[in-house]
Structures are given as structure tokens and as C-alpha cells.
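Visitor: Pasting a predicted model and its sequence here:
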Amino acid sequence: MRYITAGESHGPELTVIVSDVPAGLPIRLENINSDLARRQSGYGRGGRQAIERDQALITSGVRFGVTTGAPISITVKNRDWENWEARMAHFGPAPAELAREVCPRPGHADLVGALRTNTDDCRNILERASARETAARVAACAIAKELLAEFAVEVESYVCSIGPVSMAMEEAVLYDQAAIEFSPVRCPDERASKRMCAAIDDARDAGESLGGTFRVVASGLLPGLGSYAAGPERLTSLLGAAVFSIPAIKGVQFGLGFEAAARPGSKVHDPIHVESGAFTRGSNNAGGLEGGMTTGLPLVVEAAMKPIPTLMNPLDTVNMDTLEPEEASRERSDVCAVPAAAVVAEGEVAMVLANAYQTAFGTTCLADMKANVAHYRERLATMAR
Ligand code: EPS
């Protein structure tokens, strides 16, 4: 399964095409729309989310609610387009009064993108570099989640920290989904949630922005997905690349992650036992990955997001017309988008895992995949007896 997105933040709509989806997969539009709504939520978002009501429109590849095996195209409207039609027109001359974006924001793609593409208007860059594009990804990745659901694999996400405020991390990695969704910052620790919201208020008052960390946890996975045999096929590299593809992600770790580097081997690796005819582990420090493959224990991916580059109290930049020092552009933006990024990462992880199931068990139709999974399960059961 693969996807490609198109669309600008203030263009008419976002488009995504998902190809290589197995035939016979039931698609629940309400699940796609629910993920789109979850991505839009989160304390710290700016005025734009009050305008948008993201909804998926599927125009191919699904018939009577079931995939046909043909590419699935999905569009998500940008309601803000009506305010940008003149400035973002696809044809005709630029309006005489058009204000070009010439004061690139440090940390955004503005300057480097303009250098790369030979433009004197950073808007050509920022419209596409905008995290608005992640709405299309979430719609595409919701298809992957539908496939995983057929194999009882669940993918969830939650926020662990925002700026200086961290939740109380327990041994457990799976938390009550209702508590996560109830929190305005998608954090299962209620007290930390309140402190995170206060930190976002303080940042907004100071003209600042905040980053943070989140976790994606996938449970119900079969062991042995991915590969140890070739670097690019290791699930660790595929998952890392997918999560790093999300704008503003600066770090990704699995299980103990960086902490493993400071511990002796005996305090890192997960002892192997056999219990009631199945292989088990004494711990899950590896975060569900060994040798680039799933162990069958929950996959635990943690990522760090940098603060949003648009600052109401802006940093220094240079005016690209005059080459004189100036303040970076200020525009409507989010103060914190970590809760949204967690939902996007949940989708990206689901897409990689759905692909791993297809690679192992077949690509063309759900019925064949199910038969192959049943056979694999039977074989695994004989190996611990
Ligand atoms: C973004 C700036 C803001 C965000 C946007 C990402 O948009 P605007 O410039 O229209 O206020 O709201 O994110 C979304 C629109 C979204 O749906 O996530 C940016 O500069 O990256």
C-alpha cells in the first residue's frame, strides 16, 4: 500500500491517492472522518481549525463500502480556500496588490525552499511545506488502519510531554483510550494534561510556540514482520523513515531508545521464556522490535517534535528583497501541534505495519491474506510445543 498527496494549505482541497490496497477490505468512512477530526483537535491549535471541518470524499477504488483493489482517491476540502482564491489562483496574472512573502521564518522551509526552487515568494514553499498536508496523510493511513483491524492490530497514540511538562511515565505503555481522547492535549495523565494546557497558555501569551514528545503503540502484532536480511527492509528503518517524514519531527526512538545506550546488556535485552505453548518475554525494553522484525509484543515508538516556527514574537531574519535585517513573518498559526502530530504518526505507523502484513501475507485480496495469516499462526503454534 502506498500513497501520494497533493495540495496546498490554502488551495481548494487536498488530494491523496492510495494504491496497492487489497481487494475485499471493508472501509468505514466514519473511521476516516473520526481520525481527521482527532487530528484537528488538540489544545494550542490556531484560528484555522475553527474554519476547517475535515471530511474525506472518496471518489474511486471503493464500491458498496468495500475496496475493489483499484487505487483509492480521497479529497479533503480546504474551507479557507474562499479567503485565498485570488492569492492562490492557479492561472492568470498575480494580482497587482499581491504581498509576496519575503521574510522567511527561521525553522520553516521558507528560505531554503526558495533558494532551492528559485522563487522570490516564500508562499510557493510554505503552502506545501505546511502541516495542513498531514490531513491527507491521515485519510490515507486510515485505510491502512482498516486493514490492520482485520488482523486485530490496534494502533494508538498519546502525548507524553509538551515543552517542559511531562506525564508520569509508568511501566505500562497502553493507556485507556477514552482518557487519552478526553484530554485536551491527548495525554492520559489528567494532572499533566492540565499543566500542559497551562504551559501552552503561557507560550501563547509570550508570543512563543512549544514542541513535545508522543508515543505510538501498536498491539496485536504477529512476530516476524519486517526483515533482518536487508537494511531498507528492516521495520526499524521503515518506521523511522515514516515517522521522520512528518514535519517538525526531530527524534524517533523505539522501546528504551537512547536510554539503552547507557545500560549494560543484561538490563536492556528481553529474556525469552516459553509459557503454555508460546514464546514470551520477561520485559519489552526493545519496544516490540528485534533484528528489524516485530517480536509480537507491543510496538512502542516515541518521537520528539520541535516547536512550530511561526512566532508572534518573531526571530531575526533577512528581507529577501532588500537583504536588510527584519523580523520574520508573523501569520496565524498554532502555538502547539503535538497532539495532532501524534495522530499523524499513528497513521504513518499503521501504514508501515499494513505494508508489512501485505509483504508477508499477500497484496491482492483480503481473503488470501487471511488464509496466509491463519497458516502462519498454525505454524508458529507448533514451534513452541
Ligand atoms: C500551518 C499554519 C496554520 C496551521 C496549519 C499549518 O495554518 P494557517 O496558516 O492557515 O493558519 O493551522 O495546519 C493546518 C491548517 C492543519 O489542518 O493542520 C503551517 O504553517 O504549517
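Guide: Thanks, I have it.

Visitor: what does the helix or strand hosting Arg38 contact?
Guide: Per DSSP states H and E, Arg38 falls inside helix 29-40. Under the criterion CB atoms under 8 Å, 6 or more residues apart in numbering, residues 49, 52, 54-56, 58, 65, 74, 76, 134-135, 138-139, 141-143, 145-146, 181, 186, 340, 343-344, 346-347 lie in contact with helix 29-40. Using the backbone N, CA and C atoms, a C-beta is placed for each residue, glycine as well.

Visitor: Quick one: neighbours of the closest residue to the ligand within the stretch 201-350 of the chain, just the number.
Guide: At 3.8 Å from the ligand, Arg332 is the closest residue in the stretch 201-350 of the chain, using CB to the nearest ligand atom. Each residue near Arg332 was counted by other CB atoms under 10 Å, and the total is 11.

Visitor: tell me the pLDDT at Cys309?
Guide: Not Cys; residue 309 is Pro. Reading off the confidence values, Pro309 has pLDDT 93.

Visitor: let me redo that: Ser166
Guide: Predicted confidence (pLDDT) for Ser166: 97.

Visitor: again, but for Ala172
Guide: 80.

Visitor: those strands in the stretch 251-385 of the chain, which residues are they?
Guide: 272-275, 278-281, 289-290, 293-294, 299-305, 316-318, 325-327 (DSSP state E, counting those that start in this stretch).

Visitor: Put together TSV for those strands, with mean neighbour count and mean pLDDT on each row.
Guide: Output for these, formatted as TSV (neighbours: other CB atoms under 10 Å; pLDDT from 0 to 100):
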stretch	mean neighbour count	mean pLDDT
strand 272-275	10	95
strand 278-281	15	93
strand 289-290	22	98
strand 293-294	21	98
strand 299-305	25	98
strand 316-318	14	97
strand 325-327	13	96
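
Visitor: Is Ala260 in contact with Asn285, as I believe?
Guide: Yes. Counting by CB atoms under 8 Å, Ala260 touches Asn285, with 6.9 Å between them.

Visitor: okay, and the common contacts of the two?
Guide: By CB under 8 Å, 6+ apart, the residues touching both Ala260 and Asn285 are Val268.

Visitor: Neighbours of Arg132, how many?
Guide: Count around Arg132 with other CB under 10 Å applied: 22.

Visitor: For the stretch 51-200 of the chain, list the residues in contact with the ligand, please.
Guide: Glu52, Asp80, Ser130, Ala131, Arg132, Ala135 (CB under 6 Å from any ligand atom).

Visitor: Counting neighbours, which bits of the helix holding Arg38 end up buried?
Guide: In terms of neighbour count (16 or more other CB atoms under 10 Å), helix 29-40 has its buried residues at Ile32, Asn33, Asp35, Leu36, Arg38, Arg39, Gln40.

Visitor: Adding pLDDT and distance to the ligand as columns, could you present these in JSON lines?
Guide: Output for those, formatted as JSON lines (pLDDT from 0 to 100; distance: CB to the nearest ligand atom, whole Å):
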{"residue": "Ile32", "pLDDT": "98", "distance to the ligand": "15"}
{"residue": "Asn33", "pLDDT": "98", "distance to the ligand": "14"}
{"residue": "Asp35", "pLDDT": "98", "distance to the ligand": "13"}
{"residue": "Leu36", "pLDDT": "98", "distance to the ligand": "9"}
{"residue": "Arg38", "pLDDT": "97", "distance to the ligand": "12"}
{"residue": "Arg39", "pLDDT": "98", "distance to the ligand": "7"}
{"residue": "Gln40", "pLDDT": "96", "distance to the ligand": "6"}
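
Visitor: Let's have the strands of the stretch 251-385 of the chain in CSV, adding distance to the ligand.
Guide: Converted to CSV, the strands of the stretch 251-385 of the chain look like this (distance: least, CB to the nearest ligand atom, whole Å):
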stretch, distance to the ligand
strand 272-275, 43
strand 278-281, 38
strand 289-290, 29
strand 293-294, 31
strand 299-305, 12
strand 316-318, 15
strand 325-327, 17
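
Visitor: what's near enough to touch Thr68?
Guide: Taking CB under 8 Å, 6+ apart as the test, what Thr68 contacts is Ala23, Gly61, Val62.

Visitor: Ramachandran coordinates for it?
Guide: phi -100, psi -10 (degrees, to the nearest 10).
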